[in-house]
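# need a 3D model of the sequence below.
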Amino acid sequence: MDQHTLALLIPLAPFMIAGLAIWTRHSRRMAEIQANATAERAAQYATQNQALEDRVRVLERIVTDGGYDVALQIEALRDASRIESAPTPVSDKLQ
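Residues are numbered from 1 along each chain as shown. Just a heads-up that it's a prediction; the model follows:
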């Protein structure tokens, strides 16, 4: 470099440094925003994934228990509620 070029660059150095600082700060802020958005999306995916896993576990339990067992359990609950709601005989009340 010759002296004339250097003489032009010296007064421009503060502006170039300020521009570099602004660009660096902007880049850092954009990276933080992107990281936050990515973390939020990952949390949403994890929550959705957990809900789907829970549903699959329930379905697996239903399938492995057998549909007939489930039907018997439902009928047993219905019978139990009928027994509880039925009027009690007078002899039971006296004892």
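# alpha carbons only for contacts and neighbour counts from here, please
Fine.
# for the chain, name the helix or strand with the lowest mean pLDDT.
Between all helices and strands in the chain, the lowest mean by mean pLDDT, DSSP states H and E belongs to helix 90-94, at a mean of 53.
# which stretches of this structure have low pLDDT?
Applying pLDDT under 70 to the chain flags the ranges 1, 65-68, 70, 82, 84-95.
# which parts of it are helices?
Using DSSP state H, the helices assigned to the chain run over residues 3-65, 67-85, 90-94.
# which residue is nearest the centroid of the protein?
Closest to where the C-alpha atoms of the chain average out (C-alpha atoms, centre = their mean) is residue 47, at 2.6 Å.
# and the gap between that residue and residue 60?
20 Å (C-alpha to C-alpha, to the nearest Å).
# same check on residue 75?
In terms of C-alpha to C-alpha, residue 75 sits 21 Å off from residue 60.
# now do residue 21
Counting by C-alpha to C-alpha, the gap from residue 21 to residue 60 is 58 Å.
# also residue 50?
15 Å.
# now do residue 5
Using C-alpha to C-alpha, residue 5 is found at 77 Å from residue 60.
# neighbour count for the two, which is higher?
Shown here are residue 5 and residue 60; by other C-alpha atoms under 10 Å, residue 60 has more neighbours (12 against 9).
# residues touching the more buried one, list them.
By C-alpha atoms under 8 Å, 6 or more residues apart in numbering, no residues touch residue 60.
# ok, it to residue 54 distance?
10 Å.
# go on, residue 80?
29 Å.
# also residue 14?
Taking C-alpha to C-alpha, one finds residue 14 at 60 Å from residue 54.
# can you check residue 18 too?
54 Å.
# next: residue 71.
22 Å.
# could you do residue 20 as well?
In terms of C-alpha to C-alpha, residue 20 sits 51 Å off from residue 54.
# ok, now residue 47?
Distance of residue 47 to residue 54, computed by C-alpha to C-alpha: 11 Å.
# how about residue 21?
Taking C-alpha to C-alpha, one finds residue 21 at 49 Å from residue 54.
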